[in-house]
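Asker: Quick one, structure for this:
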Amino acid sequence: MEAKKIRYYLTPVLLGILMFSSNFLNTNLFKFGENSFAVWFVLSVMCFASGWFIDKTLGWHYGGKAVFSTIIAVTIFSVLMISFLRDYFAANELLTENLILYSLRDITLGAMAFFGMSVVEVLTIQRDFLVMKEKLSYYEDLIKDAKKEADLELKEAKVNAQKILNDAEYEAKNTILKKERIENELKEFIQVEKELIKKYEEID
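Answerer: Modelled structure (predicted):
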């Protein structure tokens, strides 16, 4: 695992080497008939690819710090090297302008690395958005199905409740009718008993 992490952190080192190598290109990058622009384009693509890989391995937070640190370190080292080796870089005249030019080269290549990281982040966010959109659609379908099922269960519960209520009313009516019938029978029985007692008394 540690070896894997070391390989991941070697990518910013590679990016720094690519940025530093731009110092040895001709100052006139867009001069026709020269190979400087082609080399510059290849360096830009490679820095873009380095940024892509850095974001994939280190992530936006740590990868961004690594790229930013690499830009600062390479720019400072380039300025020092050009200042001490003026003759080689033809910087005897207009030293300040040359330092700014070489610094801008390093910063531009570093920006290409950031651009590669940004593209990865945009693609990742877009992919995550599509996944979340599909999940949201799936959950919405589940909610619709659950709502339909809940409506059916509610209707069934209402029907069952109405049936229970009807049965209870029917039982109550039957009970009342039975009570009234028993009361009437008792009244008739008492009446008959009274008449029998009265007749018995008359006989005596």
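
Asker: Please, where are all the helices along the protein?
Answerer: In the chain, the helices defined using DSSP state H lie at 2-21, 36-84, 95-203.

Asker: Please identify the most buried of those helices.
Answerer: Highest mean neighbour count of the helices of the chain: helix 36-84, a mean of 18 (counted as mean count of other CB atoms under 10 Å). For the C-beta atoms, the positions are set from N, CA and C on the backbone; glycine is no exception.

Asker: Save the helices of the chain as JSON lines, and put in mean pLDDT too.
Answerer: Formatted as JSON lines, the helices of the chain follow (pLDDT from 0 to 100):
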{"stretch": "helix 2-21", "mean pLDDT": "74"}
{"stretch": "helix 36-84", "mean pLDDT": "85"}
{"stretch": "helix 95-203", "mean pLDDT": "85"}
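
Asker: Check whether Y9 really touches K65, as I assumed.
Answerer: No. When contacts are counted by CB atoms under 8 Å, Y9 is not listed as touching K65 (11.5 Å).

Asker: From G59, how far off is the residue nearest in space to the middle of the chain?
Answerer: Centroid-nearest residue in the chain: D128, 5.7 Å away (criterion: CA atoms, centre = their mean). D128 sits 14 Å away from G59 when distances are taken as CB to CB, to the nearest Å.

Asker: Then N23?
Answerer: 29 Å.

Asker: Over to N174?
Answerer: Distance from N174 to G59, by CB to CB: 78 Å.

Asker: got the CA positions of stretch 185-197 in CSV?
Answerer: Provided in CSV are the C-alpha atoms of stretch 185-197 (Å, rounded to 0.1, in the frame of the first residue of the first chain):
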residue,chain,number,x,y,z
GLU,A,185,-93.5,-12.7,26.8
LEU,A,186,-92.8,-11.9,30.5
LYS,A,187,-95.6,-9.4,30.5
GLU,A,188,-98.0,-11.9,29.0
PHE,A,189,-96.8,-14.6,31.5
ILE,A,190,-97.3,-12.2,34.4
GLN,A,191,-100.8,-11.3,33.1
VAL,A,192,-101.7,-15.0,32.8
GLU,A,193,-100.5,-15.6,36.3
LYS,A,194,-102.5,-12.8,37.7
GLU,A,195,-105.7,-14.1,36.0
LEU,A,196,-105.1,-17.6,37.3
ILE,A,197,-104.5,-16.2,40.9
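
Asker: Might you quantify the distance of it from its chain's geometric centre?
Answerer: 89 Å (CA atoms, centre = their mean, to the nearest Å).

Asker: swap in stretch 125-132?
Answerer: With CA atoms, centre = their mean, you get 7 Å for stretch 125-132.

Asker: Show me the contact partners of stretch 107-123.
Answerer: Here stretch 107-123 makes contact (CB atoms under 8 Å, 6 or more residues apart in numbering) with 15, 18-19, 22, 43-44, 47-52, 54-56, 60, 63-64, 67-68, 70-71, 74-75.
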